[in-house]
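1. my questions are about this predicted structure, shown below with the sequence.
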Amino acid sequence: MQYMGSIEESSYSHQTKVDNLGKSLAAIVGLGMIKVGMHWSKSIRELAVEAGLKALDDAGNPDVDAVYVSNMASGLFCDQENLADLIADYLALTPAPAVKIEAACASGGVALTQAVAAVASGVYDTILLVGVEKMSELVSTEVTNAIACCLDAEYEKFYGVTFQAANALLMRMYMEKYRVKREAFGEFVSLMHQNATKNPYAQLRFPVTVEQYLNSPVIADPIRLLDCAPVGDGAAALVITSTKKAKKVVDNPVFIKGIGQATDTISIKDRVDPLFLRSVSKAAETAFQMAGCSIEDVDVVELHDSFPFVAFMAMEALGLAERGKAYKLLENGDIKPGGKLPINLSGGLKARGHPIGATGVYQAAELSLQLIGEAGSLQADSPAKALMVSIGGVASNAAVIVLERGD
Amino acid sequence: MSSAPRYWREIPYRYRLEASLCERCGSKFYPPRIICPNCKSREMKRIRLPKRGTLVSYSVVYFPPKGFELQTPYVVGLVEIDGVKVVGQITDVLPSELKIGMELEACFRKVRVNGKSGIIQYGIKFRKPEKRDADESYVPIGVR
């Protein structure tokens, strides 16, 4: 008998339907990023257009067949919907088709899977994907309200449950069940900040100690200020083209080998096993199956660390650690720069920043720089395969993408 | 913010904890669903959850969203009632009194005074069970 009131595993039957396993689906041939931060002097359109033009210039200004925009809440943050049209217009790309893709914090990753699928299908040859979020237009209670819109509005948000509080419920369960100490999360935060000091596009380019983490103000107990990603503005863009065309556009394309996306119940209350991120696990399974490889083959990862414990649970869902044991990857140095599998060399959401809808696009851009060997002082030791994990809501939505260096 | 109809249509679930029971596989869901995610049956019967449950997890919110500033800090929790979990506020309690596994009961309370449309919104909150008449503050208002 199942646990009543929760949704069972067996009711899911998600299958990969791509038959060219292991082959490239599409390629990234251009990228552009804006430093994440509080861009008081720039509007959402200026941020998006600046990143978009950088990416187009990087790719040598190819013809663009469609514009995809990833963004979570331009309506709430900036009173601006019909965002994709606005951006296509100001990029001088009309009448190209343009669409906004929203999947909460996973918008960037999900939009990338959609763009890759569209190119792989042959419908479009070249897509410009722009991820953008402008959060600094609102005061903090309004920002908290806007972010909480990714929860169940009628049955969670209605009662004053914030995004941080919904995660706090899960974090307390994680800490209780696995007896993980707060210091372990502090170590992760400290690593993210350390990594970000070398990232020119990061928002928080300063180190943080475990002690500072432990003493930071409480936001929604047990979540503290330094558990949270900062509020910030940002835009990043990618030019995605067909595998066939890629080498004609640039010498060093990055190939997309696998894409996976999966959902889970919108609220943690309906999950049989809330401490396992099924969305991440399923999306990774699909992406790896498509790419014809496994987590063992990956050299560098960008992981959605909306909170340190979410990063831990995501590492566990990817099979990098046993459940409740992800903190060991920090202890043994595996995920640090120079380790077996460096995670978030960018500084992650924690310190690179988390301009919500743009975050997944930043991850893909950062990994592309890693793969083509242009990541500067962040550079890992000649990685060949990279993995990005983009998570939305309280892991109710996840996109996982496998990228590969084009030799 | 919310209009009057948006508030009004949620009343059965927010005032009376109406849920659904799948008549084929026995799964229960709050709020009600019309198709069972476990067995895909559409034979879902409307039920009412009991008032007593236990605390599964909680958080004390110090940084509120717009509209909850005057209640801060407040406690939100995950409460299990008869095998179904519900998210809501825990009221009349000090954070130091909270304990996972503690017994709670549903009570009827004001949730917020809505800004734009001026509706005072009510709903269920959870509190430590009182020995005297537990039904006192649980007002089953029949709207539909």
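-> Happy to help now that I have it. Numbering: from 1, shown residues only, chains lettered A, B, ... in the order given.
2. next secondary structure element downstream of the lowest-mean-pLDDT helix or strand in chain B?
-> Ranked by mean pLDDT, DSSP states H and E, the weakest helix or strand in chain B is helix B:4-9, scoring a mean of 83. Next helix or strand after helix B:4-9 toward the C-terminus (DSSP states H and E): helix B:11-16.
3. any idea how many residues pack against residue 80?
-> In the absence of a named chain, chain A is used. 17 (other Cβ atoms under 10 Å in any protein chain shown). Quick note: C-beta positions are derived from backbone N, CA and C, even for glycine.
4. meant chain B actually
-> B:E80 is flanked by 17 other residues according to other Cβ under 10 Å.
5. give me the distance between the least confident helix or strand of chain B and the centre of its chain.
-> How far helix B:4-9 lies from its chain's middle: 16 Å, per Cα atoms, centre = their mean, to the nearest Å.
6. residues of it that come out buried?
-> Residues of helix B:4-9 classed as buried under the neighbour-count rule (16 or more other Cβ atoms under 10 Å in any protein chain shown) are B:Y7.
7. what pairs with the residue nearest to the spatial centre of chain B across the strands?
-> Taking Cα atoms, centre = their mean, the centroid of chain B lies closest to B:I124, which sits 4.5 Å from it. B:I124 has the following beta-bridge partners by DSSP bridges: B:F108.
8. residues contacting it?
-> B:14-15, B:17, B:86, B:88, B:106-109 (Cβ atoms under 8 Å, 6 or more residues apart in numbering or on different chains).
9. which one of those residues is nearest A:P222?
-> Closest approach between these and A:P222, by Cβ to Cβ: B:G88, at 19.0 Å.
10. if we can go back for a sec, what's the closest of the contacts of B:I124 to chain A?
-> B:G88 (5.1 Å; Cβ to the nearest Cβ).
11. let's have the contacts of B:I124 in TSV, adding pLDDT and neighbour count.
-> Converted to TSV, the contacts of B:I124 look like this (pLDDT from 0 to 100; neighbours: other Cβ atoms under 10 Å in any protein chain shown):
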residue	pLDDT	neighbour count
B:R14	86	22
B:Y15	85	19
B:L17	93	25
B:V86	97	26
B:G88	96	27
B:A106	96	26
B:C107	95	20
B:F108	93	17
B:R109	94	16
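12. let me have these in a markdown table, extended by distance to A:G339.
-> As requested, the contacts of B:I124 are exported to a markdown table (distance: Cβ to Cβ, whole Å):
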| residue | distance to A:G339 |
| --- | --- |
| B:R14 | 49 |
| B:Y15 | 54 |
| B:L17 | 49 |
| B:V86 | 42 |
| B:G88 | 43 |
| B:A106 | 49 |
| B:C107 | 52 |
| B:F108 | 54 |
| B:R109 | 51 |
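13. isn't B:P31 right up against A:Y155?
-> Yes. With contacts defined as Cβ atoms under 8 Å, B:P31 counts as touching A:Y155 at a distance of 5.8 Å.
14. what residues does the stretch 151-300 of chain A have near chain B?
-> For the stretch 151-300 of chain A, the contact set with chain B under Cβ under 8 Å from any Cβ of the partner chain comprises A:152, A:154-162, A:164-166, A:168-170, A:172-173, A:176, A:217-223, A:265, A:267-270.
15. how about the strands in chain B?
-> Taking DSSP state E as the criterion, chain B contains strands spanning B:18-22, B:28-29, B:44-48, B:52-61, B:74-81, B:84-90, B:103-113, B:120-127.
16. please disregard the earlier target; I meant the stretch 301-407 of chain A.
-> A:385-392, A:397-405 (DSSP state E, counting those that start in this stretch).
17. got those strands as a markdown table, with mean pLDDT, distance to chain B and mean neighbour count columns?
-> Putting the strands of the stretch 301-407 of chain A into a markdown table (pLDDT from 0 to 100; distance: least, Cβ to the nearest Cβ, whole Å; neighbours: other Cβ atoms under 10 Å in any protein chain shown) gives the following:
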| stretch | mean pLDDT | distance to chain B | mean neighbour count |
| --- | --- | --- | --- |
| strand A:385-392 | 98 | 18 | 28 |
| strand A:397-405 | 98 | 16 | 28 |
